[in-house]
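Engineer: Dropping a prediction and its sequence here:
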Amino acid sequence: MMGNTGTGGAGKQADNAWRVTGLLFLACLFNYYDRIVPTALLEPIRKEWGLNDAQLGLTTSAFTIVYALASVPIGRWADKYSRKHILGWGLLIWSLFTGMTGLAWGFASFLAIRVLVGVGEASYQAPATSLIGDLFPADKRSGATGIFLLGLPVGLLLGFFTTGAIAQYFGNWRAPLFVAAVPGILLAFCMFFIKEPARGASEVIKISEHPIDRPFLRVFKTPTVWALLIAGLALAMASNAASAFLTSTLIRYFHLSLKDAGMASGIIVGASGLIGLPLGGWLSNRLHRRHEHARMYFSAISVLIAAVLIHWALKVQSTEVTMFVALFGLAWVLQYHYYASSLPVLMDVFEPRLRATATAVSYAVSYIVGGTAGPVLLGLVSDHNAKAAMAAAGAMQMTDEIRALGLLHSMEVVPIALAVCGVGLLLATRTYSTDAAAAQRAMAGAAA
């Protein structure tokens, strides 16, 4: 079938659409910057408090599960109340607690403060996605989403590039956390001055303001959501696991310093997004105009190729760090294409008054299952592999070399999860047309 079931015609773009998108980009940037700074510091934290890899994974997973759970009620609020106020207060909260993380006196306090950061950071994704859905018509949303989500790789890039250097300059790992809090606090006040579009402003069919009955049931009764949940939880598992342990892998196996490992990690997961997200958004828009399923096929193929490339990267020798960074970085360019299709598809299959709720539910399930499991699973597998290697070598104590091999082999969790993500995107093509048409009928019925 040619054409675009989900657009409903040529809708209107808001006059301030790109200005608001610029602010949302900055919020996304600091969301991921503040999220990645503690991750880039895990090796000095591990050594100071004598932690194992399972505990390191738990620091990421605890943040993720609270982030996911908090995003559900916040997403519902974003469909009913002011999105700019939710964004502003959330940004202020997570920035303040990011700074407070630098005051942690042990593993338990570090974990507790990270959980509170997760509550604040849960405020950005669903309201921001809902705003973009009302600022741009359907055939421009992939491009706008790609620009907005550029904050993800830029935040990761800045986080990885600057954290090691700041820690080295001040001589401790706490300083980068204090520095990270400042720009987010300043940006939070800008959010309150956004001119918010009316819900459904970009749609040809105008919507009713009557409350939606049983919104969560409506979300879960949409078949495309289930396919996207498979893809999303697998992608969250891969990305969270990789982000949590990539710097540690580069330090242990490739013998890089904290600063150099952070910069290499920034190139892999950050610089790659500067290419992958805008390229994915541009191609997804063009492909979607040709065929309604094309952007999902494009993302699925990209993610599957990424899985193969990372598997190859994990086979290189410890002296081939350049090859490792090149293969892993290219794979990460491709996996970023997922974002350019998944969020626009969610917008297409739900009417405007359900988009923030659907986004929040999707992210919550994805992160609770995948994002939480990824780092902990990889950490547990790493500890298991290291103990098995120590026993096989007849060693009397755990060495850094044994830990390095255990971690490297456990990173195979990442390509396996990416392969599952690709399958989920392919499954979404089976129900997308029906669900997008149903969303258009729901809007037409509400307007009538």
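Structural biologist: The structure has been received and is ready for your questions.
Engineer: List the buried residues for the longest helix belonging to the chain?
Structural biologist: The single longest helix within the chain, with elements called by DSSP state H, is helix 223-252. For helix 223-252, a neighbour-count test (16 or more other C-beta atoms under 10 Å) marks 223-225, 227-252 as buried. Where you see a C-beta, it was placed from the backbone N, CA and C, and this is true even at glycine.
Engineer: Return the list of helices and strands in contact with the helix or strand following it.
Structural biologist: Note on helix 223-252: by DSSP states H and E, the next helix or strand toward the C-terminus is helix 258-266. Counting contacts by 3 or more C-beta pairs under 8 Å, 6 or more residues apart in numbering; DSSP states H and E, helix 258-266 is packed against helix 42-49, helix 151-170, helix 223-252.
Engineer: residue ranges with poor pLDDT in this protein?
Structural biologist: Within the chain, the segments meeting pLDDT under 70 span 1-11, 138-139, 142, 199-213, 443-448.
Engineer: G171 - how many residues pack around it?
Structural biologist: Per other C-beta atoms under 10 Å, the neighbour tally for G171 reads 7.
Engineer: now do L274
Structural biologist: By the criterion of other C-beta under 10 Å, L274 has 15 neighbours.
Engineer: buried stuff in stretch 419-437?
Structural biologist: 419-422, 424-429, 431-433, 435-436.
Engineer: Which residues outside it are in contact with it?
Structural biologist: Outside of stretch 419-437, the residues that reach it under the criterion C-beta atoms under 8 Å, 6 or more residues apart in numbering are 1, 5-6, 222-224, 227-232, 234-235, 238, 292-293, 296-297, 299-301, 303-304, 307, 335, 338, 341-342, 345, 348-349.
Engineer: With stretch 84-100 instead?
Structural biologist: 24, 27, 30-31, 34, 37, 74, 77-78, 113, 116-117, 119-124, 127-128, 177-178, 180-185, 187-194, 196.
Engineer: now S123, what's its secondary structure?
Structural biologist: Recorded secondary structure, S123: coil (DSSP: H, G, I helix; E, B strand; the rest coil).
Engineer: same thing with L103?
Structural biologist: coil.
Engineer: do the same with A395
Structural biologist: Criterion first, three-state DSSP; result for A395: coil.
Engineer: separation between it and P352?
Structural biologist: To P352, A395 is 61 Å away according to C-beta to C-beta, to the nearest Å.
Engineer: Those two: which is more packed in?
Structural biologist: P352 (24 against 12).
Engineer: Hmm, F245 is touching M411, no?
Structural biologist: Yes: F245 lies in contact with M411 (C-beta atoms under 8 Å); the separation is 6.8 Å.
Engineer: who touches both of these two?
Structural biologist: With C-beta under 8 Å, 6+ apart as the test, F245 and M411 both reach L378.
Engineer: thought A175 was touching A165?
Structural biologist: No: A175 is not in contact with A165 according to C-beta under 8 Å; the separation is 10.4 Å.
Engineer: Neighbour count for the two, which is higher?
Structural biologist: More neighbours surround A175 than the other of A175 and A165, with 17 against 14 (other C-beta under 10 Å).
Engineer: which residues of the stretch 251-400 of the chain fall in helices?
Structural biologist: 258-266, 272-290, 294-313, 321-335, 337-348, 355-365, 372-393, 400-410 (DSSP state H, counting those that start in this stretch).
Engineer: Could you export these as JSON lines, including distance to R46?
Structural biologist: Shown next, in JSON lines, are the helices of the stretch 251-400 of the chain (distance: least, C-beta to C-beta, whole Å):
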{"stretch": "helix 258-266", "distance to R46": "12"}
{"stretch": "helix 272-290", "distance to R46": "26"}
{"stretch": "helix 294-313", "distance to R46": "23"}
{"stretch": "helix 321-335", "distance to R46": "21"}
{"stretch": "helix 337-348", "distance to R46": "30"}
{"stretch": "helix 355-365", "distance to R46": "29"}
{"stretch": "helix 372-393", "distance to R46": "11"}
{"stretch": "helix 400-410", "distance to R46": "10"}
